[in-house]
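Prediction below, plus the sequence it came from.
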Protein chains: 2
Amino acid sequence: MSHPFFTRHQALLEQATEAIATRGYWSPFVEMPSPKAYGESANADGRAAFEARLGRPFALSQPGTVGEAGQEVSPYGMALGVRYPKPDLDRLFAGVAQALPAWRKAGPEAWVGVSLEILQRLNRRSFEIAYAVMHTTGQAFMMAFQAGGPHAQDRGLEAVAYAWDEMRRIPRRALWEKPQGKNEPLRMEKQYTVVPRGVGLVIGCCTFPTWNGYPGLFASLATGNAVVVKPHPGAILPLAITVEVAREVLAEAGFDPDIVTLVANDPSEHMASTLALRPEVRLIDFTGSTANGDWLERNARQAQVFTEKAGVNQIVVDSTADFKGMVRNIAFSLALYSGQMCTAPQNIYVPKDGIETPEGRLSFDQVAAAIGEAVGKLTGDPAKAVELLGAIQNDGVVQRIAASRALGEIVVDSRALVHPEFPGARVHTPLVLKTDASDEGKIMQELFGPISFVVATEDTAHSIALARRGAKEHGALTLSAYTTDDGVADAIRDAAEDAGVALSFNLTGAVFVNQSAAFSDFHATGANPAANASLSDAAFVANRFRVVQSRSHL
Amino acid sequence: MSHPFFTRHQALLEQATEAIATRGYWSPFVEMPSPKAYGESANADGRAAFEARLGRPFALSQPGTVGEAGQEVSPYGMALGVRYPKPDLDRLFAGVAQALPAWRKAGPEAWVGVSLEILQRLNRRSFEIAYAVMHTTGQAFMMAFQAGGPHAQDRGLEAVAYAWDEMRRIPRRALWEKPQGKNEPLRMEKQYTVVPRGVGLVIGCCTFPTWNGYPGLFASLATGNAVVVKPHPGAILPLAITVEVAREVLAEAGFDPDIVTLVANDPSEHMASTLALRPEVRLIDFTGSTANGDWLERNARQAQVFTEKAGVNQIVVDSTADFKGMVRNIAFSLALYSGQMCTAPQNIYVPKDGIETPEGRLSFDQVAAAIGEAVGKLTGDPAKAVELLGAIQNDGVVQRIAASRALGEIVVDSRALVHPEFPGARVHTPLVLKTDASDEGKIMQELFGPISFVVATEDTAHSIALARRGAKEHGALTLSAYTTDDGVADAIRDAAEDAGVALSFNLTGAVFVNQSAAFSDFHATGANPAANASLSDAAFVANRFRVVQSRSHL
């Protein structure tokens, strides 16, 4: 018999499975924070729920709690004061081990049903989670709601759909009947059981804790694994709420809630590496720095390790049929959440002799200046600007802006802005520099935050060569290109396919290279150093479970 | 337009794709070396083709050849004297790099079409390959034909079917149309291109060079990668013929044949580790020792590494409804190719107080003795015995038999037999020992070759606990169980699912635990230390390619 949660969400699952196959636009979760979709009091209720968390212990019934952790400070100024359970890891993992056998035996429909119910309940908590995301990551409210709520839920659902799509193709039983000439055939009955790997560890980041955390969390959970969630110490609350919801659903479904647990830590503790080397941990999903991701890939040999690390995203500017649209679009991409998106562009390659536009040939300096002006325009009015920029997540980014000023000639400088609502907010506008390609060491490093280069190249062929090598050697999640020439477009596409980086052409309107839509865009390719996996595809889920068969004669 | 080879084999591909989904019996390649299927002169022609290889250079047009390698000696006595091209690796890999871009751009239908044509041509070479397998591995002719020919081709085809099944689910194009309330929707066209990882390295073993080599070879090739084949120095010829056929098909299809190349080496050279660390190598398929497999997993960090290593296969004997059938079946499994199958059982757990049978309760000693007698019977007539035992692949196995005599009380001793046709053949009958479970160090190590233990346990619960722990900690490809009790069967199934090992119940007839049928049996689970992958499943192929997308407004 099907699990009741599976039955409840089966239609949704079928739609999601269809969506990953056709990859058109689809989402079951409303992205606008509208009263019509979420209820008249949803915003007020969510804000109140968030505020009720502040300055208090965050209760979770999980085993082995021996103290408290948590020192989150909002990029908008205030300390959150939430204190999370701090577990003794041996006791926590003993509890997880006790919970696992019944969960393993429950099978794919139960795993998927529970996962879908969790996602539905997370959707209803989108406002509360949005405030939690805003006040940990520094995102402006609208982005915190969309990327932290419905879009993250989309990415979780996408992972569940991939998991289901792989598991459903394993038949439960088969009759194997091998002819033996004139003799009776050999007849065997075979059973195939999907089994999980064990414990999945999700290591969260401080900029998109739910959007980047949900794919791994739900991919592991939907394939029968237990999941230990280790948030970034700067962004615990959104994932703590997520764990709370997951535990509530697990218990309601008759499972031990310790299938999903939280390990919060203070910034001074190196908890991720300790957790990653535990023998129980067989899957790790990580978003963060290249150094930490590479360390996990090298050292956590007992686990399947999925990483999203740093990269250098690039734009090749060859020519355009809409110069103003191009410049506006690029500027918006640089400003959105202050360049703190793993998909934000950093290096903009423009031929030193300029480009063709409908306004005629424009020089390199004119192109750079136009991008700088567009950034200035977008950030001119602080009240509007903060809704686009959000706040800088941590002081390291502010220091990086300061240090980067020396790396080129300033096209537009970064300015500190005062947030009209949160005077303590850490708000800084983008720094845009110009330079040439002679010192690749300068431009071929990720300068995380609102820092970008307009780079003078010999010509477009040189731009493409730089983009190809940059993505291949340093990693990239996105590549953007502007050209009106089909031959150039083909050459750029070849470079992108060779370097394994997702490509956007001629974005001049309301779609930005930073954006990646679940069910349609593969986020990262896993084919260059920026990530060893894609969110989501078959490879992201197929190795999270294994199949054990038994056979006997009929 | 479809590639002509794709069109030619499309019906076969569809059947294969259906077979992996339903997992009943299916094979397109005739397993009997019958003149009706293969032609009246096929055997004579194949033998002549094999003999014409001996004592001569094996010509391959691949780049960078700087000398000769190859010192194969048949386990049946004679030196093969085949001398293979020895490449300068930098020049070889430069040639491969030159061949890759056109192959990458050819796309899934071309990759799959070429792979299927290669398999069809290998099938027509089954007799030649059978003699090559026989005189490198030591398998008897019938096994060399079946496992080295059609069954290996089945495993190759299965990998192609999995690869196709994953790649075909990536749409080439999608229209993404996102509603914008009252405004015009956002409309984008997206293209998805399947791209290979780069170069796949296949590291062959000396016992089943084609059966264990083809899955990785064809999984990589069918997903657009180039493949460098590095056979075991003791079993080069079967894979050299395979490479020759692959190159012939590639050239005929208009591709650079350097997409598939051979690196042969003498036993004194450590070629596998050198190749495995080359930056061009992004996929590695390995069959061999645990030490070498673990080394690859730890060190070849630039590659996806798929390993099949050593394990301790076990049989739990609880009770049986057919004692004679059980004993005969077990004895056959021990004798088949002298226990040199990665699936052959080693430890047979029998309760110290004996088991229930239709003949009444039989003591532990009676069970052990009956297995020993059955082995003696199977190997009593040398002329018949050699067709079952084949020859011992290398002297290390002979030495291991000698050294293992001290590990227990001898139930039946290993004897050297004189092969009636090949007086120089290295033929030894199985050694069966009995012991108790007190010294696990003795029994929980793989003793590759015709060496097995009948182990006295406290009771069946103890047997199951040993089997569970043995598979979990030391790895196992197979678990076999004899019981008439449903409760015991459930407990064994739970242990198998927990330890991630394929289980066979009550084999008393013409199916043996050693056998693994393509399209139906998953060979290895990837869930215990014996292997990190399964032949074949979605996880075996899904990470051999990546998807690169491009998008633009419509």
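Looks like it came in fine. Numbers count the residues shown, from 1 in each chain, chains lettered A, B, ... in the order given.

Tell me the pLDDT of A:Met1.
pLDDT, A:Met1: 56.

Look at A:Glu14 and say how many residues are nearby.
Counted by other C-beta atoms under 10 Å in any protein chain shown, the residues lying close to A:Glu14 total 12. To be clear about C-beta, it is placed using only N, CA and C from the backbone, and glycine gets the same treatment.

so what does the strand or helix carrying it touch, helix or strand wise?
Following DSSP states H and E, one finds A:Glu14 within helix A:4-22. Helix A:4-22 makes packing contacts with helix A:108-124, helix A:150-167 when contacts are defined by 3 or more C-beta pairs under 8 Å, 6 or more residues apart in numbering or on different chains; DSSP states H and E.

and those helices, which is most packed in?
The highest mean neighbour count among these, using mean count of other C-beta atoms under 10 Å in any protein chain shown, belongs to helix A:150-167: a mean of 27.

Tell me if that one is near chain B.
Yes - using C-beta under 8 Å from any C-beta of the partner chain, helix A:150-167 reaches chain B at A:Glu166.

Please save the CA atoms from that helix in CSV.
Output of helix A:150-167 as CSV, limited to C-alpha atoms (Å, rounded to 0.1, in the frame of the first residue of the first chain):
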residue,chain,number,x,y,z
PRO,A,150,9.6,29.1,-3.2
HIS,A,151,12.6,28.9,-5.5
ALA,A,152,14.5,26.9,-2.9
GLN,A,153,11.4,24.7,-2.5
ASP,A,154,11.4,24.3,-6.3
ARG,A,155,15.0,23.1,-6.2
GLY,A,156,14.2,20.7,-3.4
LEU,A,157,11.2,19.3,-5.3
GLU,A,158,13.4,19.0,-8.4
ALA,A,159,15.8,16.8,-6.5
VAL,A,160,12.9,14.7,-5.2
ALA,A,161,11.6,14.3,-8.8
TYR,A,162,15.0,13.2,-10.0
ALA,A,163,15.3,10.8,-7.2
TRP,A,164,11.9,9.3,-7.9
ASP,A,165,12.6,9.2,-11.6
GLU,A,166,15.6,7.0,-10.9
MET,A,167,14.1,4.8,-8.2
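
For A:Ser289, which non-adjacent residue is spatially closest?
Among residues not flanking A:Ser289 along the chain, A:Ala310 sits closest, at 6.1 Å (C-beta to C-beta, 6 or more residues apart in numbering or on different chains).

measure that neighbour to A:Asn292 for me?
10 Å (C-beta to C-beta, to the nearest Å).

Contact residues of the stretch 401-550 of chain A facing chain B?
So far as C-beta under 8 Å from any C-beta goes, the stretch 401-550 of chain A lies against chain B at A:493, A:496-498, A:500-511, A:517, A:520-522, A:525-527, A:534, A:537-539, A:542-543, A:546-550.

how about a cut-off of 7 Å?
The stretch 401-550 of chain A has residues A:493, A:496-497, A:500-506, A:509-511, A:517, A:520-522, A:525-527, A:534, A:537-539, A:542-543, A:546-550 near chain B, with proximity defined as C-beta under 7 Å from any C-beta of the partner chain.

Now, of those residues, which are buried?
Listed as buried from those are A:493, A:496-497, A:500-506, A:511, A:517, A:520-522, A:525-527, A:534, A:537-539, A:542-543, A:546-550; burial here means 16 or more other C-beta atoms under 10 Å in any protein chain shown.

Tell me the secondary structure at the residue nearest in space to the middle of chain A.
By C-alpha atoms, centre = their mean, chain A has its centre lying nearest to A:Asn212, at 2.6 Å. Here A:Asn212 is recorded as helix under DSSP: H, G, I helix; E, B strand; the rest coil.

Next, the contact list for it, please.
A:Asn212 makes contacts with A:Cys205, A:Thr287, A:Glu308, as judged by C-beta atoms under 7 Å, 6 or more residues apart in numbering or on different chains.

Okay, it and chain B: tell me how far apart.
19 Å (C-beta to the nearest C-beta, to the nearest Å).

what's the answer for A:Arg468, then?
For A:Arg468, the distance to chain B - C-beta to the nearest C-beta - is 12 Å.

ditto for A:Gly213
Taken as C-beta to the nearest C-beta, the span from A:Gly213 to chain B is 22 Å.

what's the nearest residue to that residue if we skip its chain neighbours?
A:Gly204 (4.6 Å).

Look at the one you found and say how many residues are nearby.
30.

pLDDT score for the nearest residue to A:Ser61 once chain neighbours are set aside?
Once flanking residues are discounted, A:Ser61 sits nearest to A:Pro257: 6.8 Å by C-beta to C-beta, 6+ apart. Per-residue confidence (pLDDT) for A:Pro257: 98.

Now do A:Pro257 against A:Val202, distance only.
16 Å.

Which of those two has more residues huddled nearby?
A side-by-side neighbour count of A:Pro257 and A:Val202, using other C-beta under 10 Å, places A:Val202 first with 31 against 21.

For the longest strand along chain A, give the mean pLDDT please.
Longest strand in chain A, counting residues (DSSP state E): strand A:183-196. Across strand A:183-196, pLDDT averages out at 96.

The following helix or strand past that strand pairs with which strands, parallel or anti?
Moving toward the C-terminus from strand A:183-196, the next helix or strand (DSSP H and E) is strand A:199-203. When pairs are called by DSSP bridges, strand A:199-203 turns out to pair with strand A:226-230 (parallel), strand A:281-287 (parallel).

what's the closest of those strands to B:Pro4?
strand A:281-287 (42.6 Å; C-beta to C-beta).

how far does the longest strand of chain A sit from the chain's center?
The chain centroid and the centroid of strand A:183-196 are separated by 40 Å under C-alpha atoms, centre = their mean, to the nearest Å.

tell me the angle it makes with strand A:281-287.
For strand A:183-196 against strand A:281-287, the angle by axes from the mean of the first three to the mean of the last three C-alpha atoms, to 10 degrees is 50 degrees.

Now strand A:183-196: buried residues?
A:Leu186, A:Met188, A:Lys190, A:Gln191, A:Tyr192, A:Thr193, A:Val194, A:Val195, A:Pro196.
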